[in-house]
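S.K.: Fold the following, please.
(one chain, ligands or ions: 1)
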Amino acid sequence: MANRYSEFSLSFSHFVNPKVQLGSEYKHQDILSLEGFELANKEITSWDNYQPTPLHSFDDIAQETGVSSVFYKDENTRFNLKSFKALGGAYAVANLLIKKLKDEGIKANSSDLILGTYKDYTSKLTVCCATDGNHGRSVAWGAQQFGCNCEIYIHQKVSPGREKAIAKYGALVNRIDGNYDESVRIAAKVAESNGYTVVSDTSYEGYTDIPKDVMQGYTVMVDEAMKQMNDTPTHVFLQGGVGGFPSAVVSFLQESLDCPPIFIVVEPVNADCLFQSAVNGEPTPIHGDLDTIMAGLACGEVSVLAWSILESHVTHFMSITDESIPKAMQLLANRKTPIVAGESAVTGLAGYLIACNDSDLKSKLMINENSKVLFFGTEGDTDEEMYEQLVGRSSEQVLNSL
Ligand SMILES: Cc1ncc(COP(=O)(O)O)c(C=O)c1O
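M.R.: Numbers count the residues shown, from 1 in each chain. Model (predicted):
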C-alpha cells in the first residue's frame, strides 16, 4: 500500500452478513426489476438536458492499491441538481401525475405535463416529502417541471444552503424539530390531513409503491455505468442511507450479470442502520441525533423494501467515522482532472481506502490484483459552503484549476 493513502489508516467496523448465499438468484422483481428499469430509462432519457454523467478511471489509485482497475461514476452534473437523486424523486412525481390523470380517464405522458396541457388538474395536486437535502430537491424540481405543488419537510441539521437549493424550485420548505426519521413521520401526517401525496425515498409498512419508482429511477445511473465501464466490476462499494441507493445498484447488477460483484455497504458510524440490521438479522432502527457530516446518509431507519434486497445480496457492511471524508473529498479535488465530490459521495471510496490499509480486511473482502472496483460518487457540492469548508476551495476554484 503506497504512502499516499496511509492517512486512511483509520478505525472502522466490519460485519459479514451470514444471510448472503453467494451465487443466489435475484428474486425481488416485485420490488425492482430490469423490466422496471426499461420503463424508467425510456422516461428519464426523454427529459430535456438528459446526459449520462461521466465515469472516470483512476489508474493511479488502482496501481497504488494493487488492483486491476478503479472506476468512479461522477453524479455532480446530473440534471444540474448535483446528485443522482435527481433520477428518483422526479421520476416518481412524473409517474404519480400520469397515474392520477389516468384515474380521471386521461392518457397523458411527461411531455404533456411539461407543456402544461393538464395544468388545470395537476396544479390542484400537492406532493410532499421529508428530506435531508437531495431527495427533496429532486421532488421539488419534478413538481415544478411537471406542474404540481410541493411541500418539503427538513430536520434541524439540514443546512440553510440545502434548504435554499430546494426552495429554488418553488417548494414550500418547513423545518421541524427532531431528526430525519421524525421529519418522515411529520411529512406523512401532514400529507394525510391535507390530501397530499407523499413521494418518499424510503418505504415503510403500508407505503411501498412510490418508493419503488424512486429507487427504479436510480437504476438508470447503473446502466450508464455498465455501458461506460465496458467490463464487469468484481467489487462495488456503496454508501447507504435508508438503503434505496445501494439496493437499486444491487438489484440491477444482480439481475443483469452472470457473475455479480461483491457488494460492500459503507455507512457513517453514527447512522449505521443497515449495518445494525445486518447484525441483528432484521430491520433495526438507530436512535439519537445521527450526527455525521455525511448529511445524505444521516438516516436511522432502513427502507423496508430496500432492506429485503440488501439482506439477500450484500455480503459486507462497514461503518466509518467522519474523519476520512474531507480527506477523500480533497483527494478527488486534487486530481489532475479534478472531481467535485460532496460529503456523501465519497463514503464508498473512503471505505475502500480504509480497507486497503488493513491487510486483514482487504483479504476478507477478497481485494487483489484481479479486482475491478466501482464507486458511485453520488453527489457534487450539494452544500456549497460545507464543500468549501472541507476542501478549502469552492467547486469553481477546484474545477478551474484544471
Ligand atoms: C449523495 C447521497 N448519496 C447516497 C445516499 C444514500 O441513498 P439512500 O438513502 O437511498 O440509501 C443519499 C441519500 O440521500 C445521498 O444524498
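S.K.: drop to CA atoms for contacts and neighbour counts, all remaining ones
M.R.: Fine.
S.K.: For the ligand, tell me whether stretch 251-267 is touching it.
M.R.: No. Shown here: stretch 251-267 not in contact with the ligand (CA under 6 Å from any ligand atom), separated by at least 9.2 Å.
S.K.: Quote the end-to-end distance of that stretch.
M.R.: In stretch 251-267, first residue to last residue: 19 Å (CA to CA, to the nearest Å).
S.K.: contacting residues around the residue in the stretch 251-400 of the chain that the ligand sits nearest to?
M.R.: Across the stretch 251-400 of the chain, the shortest distance to the ligand (CA to the nearest ligand atom) belongs to Gly296, at 3.7 Å. Applying CA atoms under 8 Å, 6 or more residues apart in numbering, one finds that Gly296 lies in contact with Asp132, Gly133, Asn134, Gly241, Ser344.
S.K.: rerun that using 6 Å as the cut-off
M.R.: By CA atoms under 6 Å, 6 or more residues apart in numbering, the residues touching Gly296 are Asp132, Ser344.
S.K.: Let's see the pLDDT reported for it.
M.R.: For Gly296, the pLDDT comes out at 94.
S.K.: How about the one 10 residues further on?
M.R.: According to the per-residue confidence, Ala306 scores 98 in pLDDT.
S.K.: you'd agree it is in a strand?
M.R.: No. Counting by DSSP: H, G, I helix; E, B strand; the rest coil, Ala306 is located in no strand; its state is helix.
S.K.: Let me see the ranges of the strands in the stretch 301-402 of the chain.
M.R.: Across the stretch 301-402 of the chain, reading from the start of the chain, the strands by DSSP state E, counting those that start in this stretch fall at 316-320, 372-377.
S.K.: of all those, which lies closest to Ala271?
M.R.: Relative to Ala271, the nearest member of the strands of the stretch 301-402 of the chain by CA to CA is strand 316-320, separated by 8.7 Å.
S.K.: so, in contact with the ligand or not, the closest one?
M.R.: No. Under the criterion of CA under 6 Å from any ligand atom, strand 316-320 makes no contact with the ligand; the nearest approach is 13.1 Å.
S.K.: For the spatially most central residue of the chain, what are phi and psi?
M.R.: Nearest to the mean C-alpha position of the chain, counting by CA atoms, centre = their mean, stands Phe245 at 4.1 Å. For Phe245, the backbone dihedrals are phi -60, psi -50 (criterion: degrees, to the nearest 10).
S.K.: Any figure for the gap between it and Phe84?
M.R.: From Phe245 over to Phe84 (counting by CA to CA), the distance is 9 Å.
S.K.: before we move on, what SS does the residue of the stretch 251-400 of the chain closest to the ligand have?
M.R.: helix.
S.K.: Look up how far Gly240 lies from it.
M.R.: Distance of Gly296 to Gly240, given as CA to CA: 9 Å.
S.K.: contacting residues for the nearest residue to Asn368 once chain neighbours are set aside?
M.R.: Take Asn368 and drop its neighbours on the chain: the residue closest to it by CA to CA, 6 or more residues apart in numbering is Val67, 5.5 Å away. In this structure, Val67 makes contact with Asn368, Glu369, Asn370, Ser371, judged by CA under 6 Å, 6+ apart.
S.K.: Go through the residues you listed and say which is closest to Asn174.
M.R.: Nearest to Asn174 among those: Ser371, at 45.7 Å, using CA to CA.
S.K.: picking up where we left off before, and the contacts of Val67, which are buried?
M.R.: Of the members of the contacts of Val67, the ones counted as buried by neighbours, 16 or more other CA atoms under 10 Å, are Ser371.
S.K.: Please identify which of the contacts of Val67 is nearest to Val158.
M.R.: Where the contacts of Val67 are concerned, and distances follow CA to CA, Val158 has its nearest neighbour in Ser371, at 37.3 Å.
S.K.: wait, that closest one sits on Ser68?
M.R.: Yes. At 5.3 Å, Ser371 and Ser68 qualify as touching, with contact defined as CA atoms under 6 Å.
S.K.: From Tyr153, how far off is Arg185?
M.R.: Distance, Arg185 to Tyr153, using CA to CA: 10 Å.
S.K.: re earlier: confirm the residue nearest to Asn368 sits in a strand?
M.R.: No. When three-state DSSP is applied, Val67 is found to be coil, with no strand at that position.
S.K.: Count the neighbours of the nearest residue to Met329 once chain neighbours are set aside for me.
M.R.: Leaving aside its chain neighbours, Met329 sits nearest to Ala341 (5.8 Å; criterion: CA to CA, 6+ apart). Residues contacting Ala341 under the criterion other CA atoms under 10 Å number 29.
S.K.: contacting residues for Ala341?
M.R.: Met329, Glu379, Gly380.
S.K.: What is the burial count for the nearest residue to Thr378 once chain neighbours are set aside?
M.R.: By the measure of CA to CA, 6+ apart, the closest residue to Thr378 outside its immediate chain neighbours is Ala345, 4.6 Å from it. Counted by other CA under 10 Å, the residues lying close to Ala345 total 31.
S.K.: who's in contact with Ala345?
M.R.: Shown here is Ala345, whose contacts under the criterion CA under 6 Å, 6+ apart are Gly377, Thr378, Glu379.
S.K.: again with Gly377
M.R.: When contacts are counted by CA under 6 Å, 6+ apart, Gly377 touches Lys73, Asp74, Glu75, Ala345.
S.K.: so how far is Lys82 from the last one?
M.R.: Here Ala345 is placed at a distance of 11 Å from Lys82 (CA to CA).
S.K.: overlap in contacts of the two?
M.R.: With the criterion set as CA under 6 Å, 6+ apart, the overlap between the contacts of Ala345 and Lys82 is Glu379.
S.K.: and Asn149, what are its phi and psi?
M.R.: Backbone phi and psi, for Asn149 under degrees, to the nearest 10, turn out to be phi -90, psi 160.
S.K.: I meant Tyr26, not that one.
M.R.: Comment: the main-chain dihedrals of Tyr26 come out as phi -80, psi 120, following degrees, to the nearest 10.
S.K.: neighbours around it, how many?
M.R.: 17.
S.K.: now do Val20
M.R.: Neighbourhood size, Val20 [other CA under 10 Å]: 15.
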